[in-house]
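K.L.:
dropping a prediction and its sequence here:
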Amino acid sequence: MIAAIKPAGSNTRGLLAYLYGPGRHDEHTDPHIVAGFAMLGMPDPGRDPDATLTELARHLDKPVHLRNSEFGKKVTDHVWHCPVRTAPEDRRLSDTEWADIAQRIVEAAGIAPPGDDLACRWIAVRHADDHIHILAITVREDGRRPRLHDSGIRVGDACRQIETDYGLRRLKKGDRTAGRRPTQAEMHKAQRLGWDQTSRDWLQDRIRAAIPHASSAEELLAYLEAMGIAVKPRRGPSGDLLGYAVGRPGDLNKDGEQIFHPGGKIAPDLTLPKLKARLETTAPEEHPTARRDQPATPWHQAIDALDTLHQGMADDTHTQAHITALGDLIEATAQKAPAHLHAELRAASRAFARAQRSQIRAENQAATTLRKAARDLVHTATGPDASALATLLAALVWATIVAARWHEAKNHAHQTEAARQTLHHLQAAADQALTPVLSCLAVRQPSNQASRTLAHDVRAAVPDHADHILTDPAWPALATVLADAEAGGHKPHQLLKEAAAQRELTTARQPARVLITRIQHTSRNPAPNPRAEAARSRSTMAPAPSGPQVRNPLPATTPTASADQRRRHR
């Protein structure tokens, strides 16, 4: 059940004309009052042929006229309008049931508190099987205004209880993080102009697409202006940015002037303070003695950065920051991925916007590594190779699963559902990206003897999942990846254990595919030399020598026997 409170109005007679009229498409049938503040003596044009809409409007507006005559200051925002609708699959409710529902909603809103004889005047009009309209006058009988602050939240809570009591479809409880629904006027305007989206939805997509490109709020506004979006910054006397509003090209008012929307009215997480906290963080410096392998592309850096999401799950504020940054990385991936994946990845990014925010405050500094990876990715001029793309998408799938589980544990129902919708689109894109990789790997699978040796490694490293992996159609491709890794000096047994530790395999649809992408990423560099690593570790603790340094004469790597050689040595 949805109760959508509309903006306050001033024309009681005009709203009644719509409720009792035929509707925009002749959809209104048998309009009549099912409940009200005082049914006795209430004129109902739907049941009494002598009653008129003007008479009913005067009856409802009487407290307004009395207040205006006594206080002098005219009240012009006194019409409270709330349509209440059931789901299409719900049963048809009787007038008596709708009357009870209307009474409970006006009580929850503060329009007519229980036992208050001086409450506001209101009626509930039914003109269809699946909904009613509640019209209330927000001036009490004693001339005071009702307290309606947070009435939407209270009405939403009442609807959740009504759904339980009447056996209706149960919706998720609101948490005050949802964006505003488009108004009818916005939807009609978009339809009239031939737009697929309302202006606020269109602007939200563009702002979220621009976020990975910017490192400050000023850069974000400059980027939006470069995209052709009208930007109206609000600045203080010192020139500091205090707020902003944006407008869609061609979205004009009746006077031909550009219509602007403040960021907070577009989405709750697009206010200027939240954007500043999200963008203007300091990136951590790399340790000067960190091991450097072959230069990592932004695609591989993004994969590495996703591991930081799992490391920060102990602190809720850190987790929320990583999930917010994860949305930026999904958006960056959607912008840079090949064209055939754009539709699924754009849908994933749009769906995840709802999962990016919750009532938990984000400690944005904790997610600088992930956010920097998103920024580097959108600024790269090189596309990914097939393996890196497939690995990144697989990592995004797992990160989204982790985000969904966290939201579910915190009872964030809307965010959990948004993450699951995102997961559907990401899995479709990941499957498409991995298909050519598997084909290339399968055509050069190792010999039967080498495969049997590698199968033994699988049984030793992940015994609980070995049968599932070895019967997976992707096993020949995994065997190729393990053989390639072994040729580069890695130990297949160790790689398998590390990959299984990074991504549990119990819930994986196809564990062999999961292992392929993870092992391809971790084994892309030659295996580290233990002596070189030990020397590097000592250098971080010992002071720098003052005399000339002597090079280590030992070789950097020690080749490991191949799978065939290992089998012969047994």
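P.N.:
Sure thing, it's come through.
K.L.:
show me where pLDDT drops low in the protein?
P.N.:
Residue ranges of the chain with pLDDT under 70: 40, 72, 175-176, 282-295, 311-312, 527-570.
K.L.:
again, only using 50
P.N.:
Within the chain, the segments meeting pLDDT under 50 span 287-292, 542, 544-561.
K.L.:
which parts of it are strands?
P.N.:
Secondary structure of the chain (DSSP state E): strands at 2-3, 32-36, 79-85, 122-126, 131-137, 230-235, 241-247, 261-262.
K.L.:
okay, those, which one's buried deepest?
P.N.:
strand 122-126 (a mean of 25; mean count of other C-beta atoms under 10 Å). Any C-beta I mention is one placed from the backbone N, CA and C, and that applies to glycine too.
K.L.:
CA-only coordinates of that strand, as CSV, when you get a sec.
P.N.:
C-alpha atoms of strand 122-126 as CSV (Å, rounded to 0.1, in the frame of the first residue of the first chain):
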residue,chain,number,x,y,z
TRP,A,122,-11.1,15.8,6.2
ILE,A,123,-12.9,13.4,3.8
ALA,A,124,-11.8,10.2,1.9
VAL,A,125,-13.2,9.9,-1.6
ARG,A,126,-13.3,6.7,-3.5
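K.L.:
in its sheet, what does that strand sit against?
P.N.:
Strand 122-126 pairs in its sheet with strand 32-36 (antiparallel), strand 131-137 (antiparallel), by DSSP bridges.
K.L.:
just to revisit the earlier point, of all the strands of the chain, which lies closest to residue 303?
P.N.:
Residue 303 sits nearest to strand 241-247 of all these, at 33.2 Å, using C-beta to C-beta.
K.L.:
so what touches stretch 24-35?
P.N.:
19-22, 39, 42, 44, 46-47, 95, 98-100, 102-103, 123-128, 132 (C-beta atoms under 8 Å, 6 or more residues apart in numbering).
K.L.:
do the same with stretch 260-269
P.N.:
Contacting residues not belonging to stretch 260-269 are listed as 176-180, 199-200, 203-204, 207, 230, 232, 243-247, 270-272, 274-275, 278, 324, 353, 356-357 [C-beta under 8 Å, 6+ apart].
K.L.:
number of residues surrounding residue 443?
P.N.:
The number of residues packed near residue 443 is 10, by other C-beta atoms under 10 Å.
K.L.:
that should have said residue 448, apologies.
P.N.:
So residue 448, with other C-beta under 10 Å, has 8 neighbours.
K.L.:
residues touching it, list them.
P.N.:
Contact partners of residue 448, counting by C-beta under 8 Å, 6+ apart, are absent.
K.L.:
quick one: residues contacting the spatially closest residue to residue 63 that is not a sequence neighbour.
P.N.:
Using C-beta to C-beta, 6 or more residues apart in numbering and skipping the chain neighbours, the partner closest in space to residue 63 is residue 139 (4.4 Å). Counting by C-beta under 8 Å, 6+ apart, residue 139 touches 63-64, 67, 75, 78, 120, 145.
K.L.:
just the ones of the residues you listed in helices?
P.N.:
Filtering those for membership in helices, criterion DSSP state H, returns 63-64, 67.
K.L.:
quick revisit: please, a PyMOL command that selects the buried ones among the contacts of stretch 260-269?
P.N.:
For the buried members of the contacts of stretch 260-269, the matching PyMOL selection, counting by 16 or more other C-beta atoms under 10 Å, is:
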select buried, resi 177+179+199+200+203+204+207+230+244+245+246+247+270+271+272+274+275+278+324+353+356+357
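K.L.:
restricted to helices, list the contacts of stretch 260-269.
P.N.:
Counted as lying in helices by DSSP H, out of the contacts of stretch 260-269, are 199-200, 203-204, 207, 272, 274-275, 278, 324.
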